[in-house]
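Chemist: Just need the structure, nothing else, for what follows:
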Amino acid sequence: ERWALKHSAILISFSGGVVLTAAFINILPEATELNSSSLTYVLITLIVFYIAEHAVMIHSCREGDCESHPMGWLGFMGIGFHSLLDGVAIGAGFEASFSLGIVATIGVLLHELPEGITITSILLHTGFSKKNTLLLSWVVAIATPVGAIGSYFFLKDISKEFLGFFLAIAAGSFIYIGASDLLPETHKNSSRKNIVAVLSGALLIYLVGNLIGGH
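Modeler: The predicted model follows:
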């Protein structure tokens with residue numbers, strides 16, 4: 001937990017740059033080409049994520065830093081479900097194009113790292129044993145490939161409009177993660193390293209998108 005608290009700010013900053021750039025530069029343009037109502041679905045996704053997160057208090061914080069903080073099982077269920085949706089984003093990306101699938105995968109993997117640190121810190125902080133913490137962390141991690149494989153087969157040969165709908169949800173989830181969960185955390189630490197980390201994450205996705213082609 002001490003290690004997580006010491007280094008998570010830089011990891012979170014980097015992940016924030018990654019997911020926001022992937023959403024706006026790669027996923028959202030593809031979604032709007034496939035479905036003209038994509039922006040509406042993005043807005044709906046943002047609202048749904050806000051209501052869901054507000055209801056289950058997914059945000060993690062140390063004792064005394066905020067008025068409410070998640071209990072172990074609540075945090076586990078919230079982050080686990082979110083990891084499942086991350087997998088859906090990957091499956092929808094590959095169904096649209098190989099390049100978009102690669103970008104979506106990179107975005108998910110890079111923000112899964114601080115997410116894994118988060119759930120581990122929550123469980124340890126709320127009294128879970130190291131053994132149970134490791135087990136539940138693996139469940140959260142496995143949820144992403146399960147969602148990716150399941151959605152890849154489920155989304156196969158669907159209409160362009162329906163695929164655009166799923167990509168819009170993926171874009172909305174990335175935007176919410178970056179703007180609501182990741183970047184606000186960087187303001188708790190005024191280090192200029194956070195700015196460099198955000199820009200590095202954005203540049204990585206931009207370069208990857210240009211190297212492999214497509215959006």
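Chemist: Which elements pack onto the host helix or strand of Gly147?
Modeler: Taking DSSP states H and E as the definition, one finds Gly147 inside helix 130-154. If you count contacts as 3 or more CB pairs under 8 Å, 6 or more residues apart in numbering; DSSP states H and E, helix 130-154 packs onto helix 72-96, helix 98-125. C-beta here means a position set from N, CA and C on the backbone, and glycine is covered the same way.
Chemist: Quick one: residues in contact with it.
Modeler: By CB atoms under 8 Å, 6 or more residues apart in numbering, the surrounding residues in contact with helix 130-154 are 76, 79-81, 83-88, 90-92, 94-95, 108, 112, 115-116, 119-120, 123-124, 128, 166.
Chemist: What residues of it count as buried?
Modeler: Thr133, Leu136, Ser137, Val140, Ala143, Thr144, Gly147, Ala148, Ser151, Tyr152 (16 or more other CB atoms under 10 Å).
Chemist: contacting residues for the closest residue to Phe94 other than its chain neighbours?
Modeler: Nearest residue to Phe94, sequence neighbours excluded (CB to CB, 6 or more residues apart in numbering): Gly101, at 3.1 Å. Going by CB under 8 Å, 6+ apart, Gly101 touches Ile90, Gly93, Phe94, Glu95.
Chemist: Please report the distance of Gly101 from Ile158.
Modeler: Separation of Gly101 from Ile158 (CB to CB, to the nearest Å) stands at 15 Å.
Chemist: For whatever helix or strand Asn210 lives in, name the packing helices and strands.
Modeler: Here Asn210, judged by DSSP H and E, is contained in helix 192-212. Packing partners of helix 192-212 (3+ CB pairs under 8 Å, 6+ apart): helix 2-21, helix 98-125, helix 183-186.
Chemist: I am finished for the moment; much appreciated.
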